[in-house]
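Visitor: Output the structure for:
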Amino acid sequence: MSAEAGGGGLAVNVDKGAGVAVLTLDRQDRLNAVDLATAAELVAAWREFRFDDTVRALVVTGAGRRAFCTGIDRAAEVPQPDSPYMVDDPLATIGPKANDLWKPVIAAVNGIACGGAFYLLGESEFVVADEEASFFDPHTTYGMVSAYESVYLAQRMPFGEVARMALMGTAERVSARRAYEVGLVSELTPPGQALAAAVECATVIASYPAEAVQGTVRALWSAQEATRAAALAHAPQLVSLGNLPAERQAKLFSARRPGFRLR
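Guide: Numbers count the residues shown, from 1 in each chain. Prediction:
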């Protein structure tokens, strides 16, 4: 891979010979949580690749072995309108589909993936994870509504599994094996091998005619697009009405207790 671009929180590497780009969230000290600058970098990268015909398939991953992504960086300050009908969500546009990119994207997961990570997993074509990866949704534990995340997961997992993950919060993590069993993950790899496996898949896909591949991606998403769009349209109001005030969320977060069960 040859480096094409690198920002504060996102590294972008392109192998033009293979036609594959790898986007790596690289904020290991924050468990690859997305701050506002990194969110903007993701948007810019997806939109740039719409015009780069040398890249025909992409992989998104997280740096290091501890985490793929842990959602929004809680240190980020995101002012909100004083209205239950409007929500400014900095993660709403960090995925490829939100930026009108219809090239195939594969997610490679090492370590934990939680909360806002599902914006990226939810807009990927499929997910490769190593055996030590785990998934959970912390929203309810800290007084927040799991709206966007649950909608994305409901497109990939049985209803009961999504409900359990969303409602159990930080008390339970879904193992990579269980995620594979319920359809969130398409391939399990030995520890540390998820990225290599995802790049291998992307390289195969990139070797096929781009028009046929992109048409297939668009057809697949058309099958569920109306349902997903309708569900996401309700998310801002549900978040506005159900989220605790920021100061109460902060108290719950600061009082968090270690310990969870792995399923």
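
Visitor: Correct me if wrong: residue 80 contacts residue 88.
Guide: Yes. Contact status for residue 80 versus residue 88: in contact at 5.8 Å, counting by CB atoms under 8 Å. Any C-beta I mention is one placed from the backbone N, CA and C, and that applies to glycine too.

Visitor: The two: which is more packed in?
Guide: residue 80 (13 against 10; other CB atoms under 10 Å).

Visitor: hang on, the more buried one is in a helix, isn't it?
Guide: No. Assessed with DSSP: H, G, I helix; E, B strand; the rest coil, residue 80 is coil; it does not lie in a helix.

Visitor: show me what contacts it?
Guide: By CB atoms under 8 Å, 6 or more residues apart in numbering, the contact list for residue 80 reads 86-88.

Visitor: how close does it get to residue 147?
Guide: 15 Å (CB to CB, to the nearest Å).

Visitor: Residue for residue, what is the longest helix this protein has?
Guide: The single longest helix within the chain, with elements called by DSSP state H, is helix 210-242.

Visitor: just checking, next helix/strand downstream of that one?
Guide: Heading C-terminal from helix 210-242, the first helix or strand you meet, by DSSP states H and E, is helix 246-254.

Visitor: Adjacent strands (with direction) for whichever helix or strand comes after that next one?
Guide: The C-terminal neighbour of helix 246-254 among helices and strands, as given by DSSP H and E, is strand 261-262. When pairing is defined by DSSP bridges, strand 261-262 lines up against strand 172-175 (parallel).

Visitor: Around residue 116, count how many other residues there are.
Guide: 25.

Visitor: How about residue 81?
Guide: Neighbour count for residue 81, taken as other CB under 10 Å: 11.

Visitor: now it, nearest residue through space, not along the chain?
Guide: Spatial nearest neighbour of residue 81, excluding adjacent residues (CB to CB, 6 or more residues apart in numbering): residue 88 at 6.9 Å.
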